[in-house]
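>>> Task: produce atomic coordinates for the following.
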Amino acid sequence: MVVGSATAKMWRAELSAAPVLLDSSEINAIWNHLRTQAARTDEREATEPPPPTLARLYWNASASLVAALVSVLAVLYTIRWTGTAWSGYATAGVALLLGSVARRTAWLRYPALGWLTGNVVITIAVIAMQLLG
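Numbering: from 1, shown residues only. The predicted structure is shown next:
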């Protein structure tokens, strides 16, 4: 039901005063069009993959988080072992390359996004620590 402005009230009054009557051929045409549209929708939906399950979403999120943490730790431990920030940048570059390659594989897509996110965050943090120093 349309409610609100005076224009909407006038429109409702006009519809109530002169209802539209359809004959049987018009009603059949409407139903045929609806059937055709439903068939097209069914065909399109049949080709789409099913949505991911809740368990799949959970494991994708968990894998992304673990990959981000591993990426951060890889850069930090490289800096710690070598004692220079440049080794951390080199490790971050290699990690960026690995994440970009892994991103192209369907089942590694979400963990690779986590890996890349962790890599970017730790690289920004290392740059900030160097600048503030």
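
>>> Tell me where this structure is predicted with low confidence.
Along the chain, segments meeting pLDDT under 70 span 1-4.

>>> please redo it, this time with the cut-off set to 50
1 (pLDDT under 50).

>>> tell me the domain boundaries of the chain?
With automatic domain parsing as the criterion, the domains of the chain are listed as 6-47, 54-132.

>>> and A68, how many neighbours?
Counted by other CB atoms under 10 Å, the residues lying close to A68 total 21. For glycine as for every other residue, the C-beta is placed from the backbone atoms N, C-alpha and C.

>>> What separation is there between it and H33?
A68 is 50 Å from H33, where distance means CB to CB, to the nearest Å.

>>> With V75 instead?
Taking CB to CB as the criterion, V75 is separated from H33 by 60 Å.

>>> Give me the more crowded residue out of those two.
Higher neighbour count among V75 and H33: V75, with 26 against 10, using other CB under 10 Å.

>>> give me every residue that touches that one.
88, 91-92, 95, 119, 122-123, 126 (CB atoms under 8 Å, 6 or more residues apart in numbering).

>>> what's the following helix or strand after the strand or helix carrying it?
Taking DSSP states H and E as the definition, V75 sits inside helix 54-82. Proceeding N to C from helix 54-82, the next assigned helix or strand is helix 85-103, under DSSP H and E.

>>> re the thing from before, dump the contacts of V75 to TSV, plus neighbour count.
TSV is the format used below for the contacts of V75 (neighbours: other CB atoms under 10 Å):
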residue	neighbour count
G88	24
T91	21
A92	23
A95	23
N119	24
I122	22
T123	20
V126	18
